[in-house]
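Provided below are the primary sequence and the corresponding predicted coordinates.
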Amino acid sequence: MPASRRQFITQASAAAASAAIAAPALADPSPDMRWTMTSAFQPGLDIIVGGSEAFARSLSDMTDGHFTVSIHPPGDIASAVDALDAVADGKADCAHTALAYSWNKDPAYVFGSGAPFGMNARQHAAWLQDGGGDALIDDLLADRGLIAVPLGDTGGQMAGWFRKEVHHASDFAGMKVRIGGFAGKVLETLGATAVTLPKDGILEALSKGSLDAFEWVGPYDDEKFGGAGEGAAGSISKVAPYYYYPGWWKGGMQLHLVVAKEKFAALPKPSQAAVRAAASLGNEYVRSKYDAANPGALKRLVIGGAQLRLFSQDILEACYKSTTDLYAQLSQDNPRFKKIADSYMAFRADEYLWWQVAEYSFDNFMIRERRAKG
């Protein structure tokens with residue numbers, strides 16, 4: 001064999017061997033990741049839980065199965081209200097929760113989820129992504145060593161179910177309501193008492209008169225409350241027939257993926273990008289599912305006996321004033337609350353200026369046309 005040919009074969013063999021050694025390292029540069037997620041949402045809230053499942057599924061697909069997340073329901077790793085704390089304390093790698101659940105630790109948390117008389121889902125998302133909201137929320141979470149990534153928004157919600165009609169703000173005096181968080185504080189300024197009651201005891205309390213009103217989520221989830229199918233809707237209507245709107249305490253309910261800041265920073269850059277991209281897919285999953293499911297559920301609820309009622313102007317204005325007064329007081333007492341509130345309210349003002357010009361005028365026309373044509 002000529003020397004030149006032997007030299008070519010030797011060099012080709014060495015190159016092939018080198019490629020065989022290098023290929024696996026290039027194909028799998030990141031270590032396998034196995035995270036545990038504690039969810040703040042019970043399995044019955046299937047669209048919300050479906051959002052976290054969509055996140056986990058997408059993350060696994062994007063990483064060819066190298067990054068997986070196992071989801072644990074409330075009570076497994078932590079209770080619903082303790083999901084955020086579980087991540088901060090190292091009991092879980094991440095959580096799917098509403099930041100507003102931790103509002104009693106700092107009322108500024110409410111802005112992460114959606115504030116009373118705040119913005120709708122799209123406006124809130126714009127504030128988070130492009131109005132500085134994400135950075136402000138992460139600053140708020142910094143003392144717990146956490147960051148938050150949007151993961152699901154329910155959109156607008158109903159105000160809930162009432163045993164009797166309310167026509168004026170004074171009608172709330174003496175009422176016992178299972179409407180918690182910031183909204184409960186607002187209603188307390190009108191004379192109501194906000195009570196804590198487990199889900200399983202709500203219908204019985206309404207039937208006995210020891211509870212006057214409660215809120216859950218919106219038509220799709222309310223239809224399934226207390227059981228499966230339309231029978232559950234009928235049971236609510238029998239004890240609390242008046243179904244009020246709008247749910248002024250949240251124009252949308254933004255949920256979040258909460259992760260320890262150091263744990264996220266330690267991920268390779270491709271893995272960080274995959275987490276954010278998968279969360280974005282889960283975020284849109286929840287919003288679109290609710291938008292598609294709520295109209296039909298609302299029709300079935302009304303057929304089943306629910307009586308739709310719009311809060312009067314008197315009630316809305318009284319609640320708006322009480323909310324604004326609480327914002328002002330909290331801003332005086334809490335510099336972090338003021339910093340976020342100032343950003344949020346300034347963005348809200350500009351958003352509704354634009355909404356008045358384009359979105360509202362179009363939507364209002366289309367609603368009138370729908371009514372006119374039956």
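The structure has been received and is ready for your questions.

could you show me where the strands are in the chain, in order?
With strands called from DSSP state E, the chain shows them at 33-39, 67-72, 94-97, 146-153, 160-162, 176-178, 193-194, 213-214, 242-245, 254-260, 307-310.

show me what the longest one is in contact with.
When contacts are taken as Cβ atoms under 8 Å, 6 or more residues apart in numbering, the neighbours of strand 146-153 outside the stretch itself are 48, 51-52, 55, 84, 87-88, 96, 99, 112, 121, 124-125, 128, 134, 137-138, 141, 252-261, 264, 275-276, 279-280, 282-283, 285-287. Just so you know, the C-beta spots here come from the backbone N, C-alpha and C atoms, and that holds for glycine as well.

next one: that strand to chain centre, how far?
8 Å (Cα atoms, centre = their mean, to the nearest Å).

hang on, the earlier thing: taking the contacts of strand 146-153 one by one, which sit in helices?
48, 51-52, 55, 84, 87-88, 112, 121, 124-125, 128, 134, 137-138, 141, 261, 264, 275-276, 279-280, 282-283, 285-287 (DSSP state H).

from Pro246, how far off is Ser288?
21 Å (Cβ to Cβ, to the nearest Å).

actually Asp139, not the one I wrote
Taken as Cβ to Cβ, the span from Asp139 to Pro246 is 31 Å.

and what of Thr154?
13 Å.

which of the two has more residues huddled nearby?
Thr154 (29 against 14; other Cβ atoms under 10 Å).

and for the nearest residue to that one once chain neighbours are set aside, the neighbour number?
Once flanking residues are discounted, Thr154 sits nearest to Met253: 4.3 Å by Cβ to Cβ, 6 or more residues apart in numbering. Counted with other Cβ under 10 Å, the neighbours of Met253 add up to 24.

ok, Met253 - contacts?
Met253 touches 98, 100, 113-114, 153-155, 157, 217, counting by Cβ under 8 Å, 6+ apart.

let's see 7 Å
Met253 is in contact with 98, 113-114, 153-154, 157, counting by Cβ atoms under 7 Å, 6 or more residues apart in numbering.

would you mind checking which of those residues is nearest to Glu204?
Gln157 (23.6 Å; Cβ to Cβ).

skipping adjacent residues, who's closest to that closest one in space?
Excluding the flanking residues, the one nearest Gln157 by Cβ to Cβ, 6+ apart is Gly247, at 3.9 Å.

contacting residues for that neighbour?
156-159, 215.

so which of those residues belong to helices?
Using DSSP H, none of the contacts of Gly247 sit in helices.

which one among those residues gets closest to Leu206?
Checking the contacts of Gly247 one by one against Leu206 (Cβ to Cβ), the nearest turns out to be Glu215, at 12.4 Å.

excluding its backbone neighbours, what's nearest the closest one?
Gly160 (3.1 Å).

distance of that neighbour from Leu206?
Gly160 is 11 Å from Leu206, by Cβ to Cβ.

CA atoms only for stretch 186-198 - export them in PDB, please.
Taking Å, rounded to 0.1, in the frame of the first residue of the first chain, the C-alpha atoms of stretch 186-198 are listed here in PDB:
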ATOM      1  CA  VAL A 186     -62.700  46.300  51.900                       C
ATOM      2  CA  LEU A 187     -66.100  44.700  52.700                       C
ATOM      3  CA  GLU A 188     -65.300  44.900  56.400                       C
ATOM      4  CA  THR A 189     -65.200  48.700  56.000                       C
ATOM      5  CA  LEU A 190     -68.800  48.500  54.900                       C
ATOM      6  CA  GLY A 191     -69.800  46.500  58.000                       C
ATOM      7  CA  ALA A 192     -69.500  42.900  56.700                       C
ATOM      8  CA  THR A 193     -67.500  40.200  58.500                       C
ATOM      9  CA  ALA A 194     -65.000  38.200  56.500                       C
ATOM     10  CA  VAL A 195     -65.000  34.600  57.700                       C
ATOM     11  CA  THR A 196     -62.700  31.700  57.100                       C
ATOM     12  CA  LEU A 197     -64.500  28.400  56.200                       C
ATOM     13  CA  PRO A 198     -63.300  25.200  54.500                       C
END
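
tell me the buried residues in it?
By 16 or more other Cβ atoms under 10 Å, the buried positions in stretch 186-198 come out as 186-187, 189-190, 192, 194-195, 197.

follow-up on the earlier one: filter the contacts of Gly247 to the buried ones?
156-159, 215.

once you drop chain neighbours, what's closest to the residue positioned nearest the centre of the chain?
In the chain, the C-alpha nearest the mean C-alpha coordinate belongs to Leu255, at 2.3 Å (Cα atoms, centre = their mean). Closest residue to Leu255 apart from its sequence neighbours, by Cβ to Cβ, 6+ apart: Gly152 at 4.1 Å.

need the pLDDT of that neighbour.
The score at Gly152 is 97. That number is its pLDDT.

equivalent analysis for Ile9, please.
41.
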